[in-house]
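Q: structure for this input, please:
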Amino acid sequence: MTVPHELAWGDVYFSPFLSVIVLAVIASWITVLVMNKIRLSRLIAFPSLTFIAITVFYVIAIDAFYIRF
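A: Numbering: from 1, shown residues only. This next block holds a predicted model:
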């Protein structure tokens, strides 16, 4: 399997870390929406720190299993 070293958009090159961050934030938003829907978020004391922690979890998971940066 070939691992991309950078992503090209026209003549601009982006790090794969950028795509990992974007995917992680989108996945975190979806997770938070689901947590709000099932009312699990009312048990969380610091929602902003929880969002950051979920995002970090997704960054690590996406890096380990999908896109390596």
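
Q: helices or strands up against the longest helix anywhere in the chain?
A: Across the chain, the longest stretch assigned as helix under DSSP state H is helix 16-37. Secondary structure elements in contact with helix 16-37, counted by 3 or more C-beta pairs under 8 Å, 6 or more residues apart in numbering; DSSP states H and E, are strand 7-9, helix 47-65. Any C-beta I mention is one placed from the backbone N, CA and C, and that applies to glycine too.

Q: check what contacts the first one and list those residues.
A: In this structure, residues lying in contact with strand 7-9 by C-beta atoms under 8 Å, 6 or more residues apart in numbering are Tyr13, Phe14, Ser15, Pro16, Leu18, Ser19.

Q: where's the residue located most distally from the centre of the chain relative to Val22, distance?
A: Going by C-alpha atoms, centre = their mean, the residue of the chain most distant from its centre is Asp11, 25.5 Å out. For Asp11, the distance to Val22 equals 20 Å [C-beta to C-beta, to the nearest Å].

Q: same question for Thr31.
A: Per C-beta to C-beta, Thr31 is found 15 Å from Val22.

Q: more neighbours: the two, which one.
A: Between Thr31 and Val22, counted using other C-beta atoms under 10 Å, the more crowded position is Thr31 (16 against 11).
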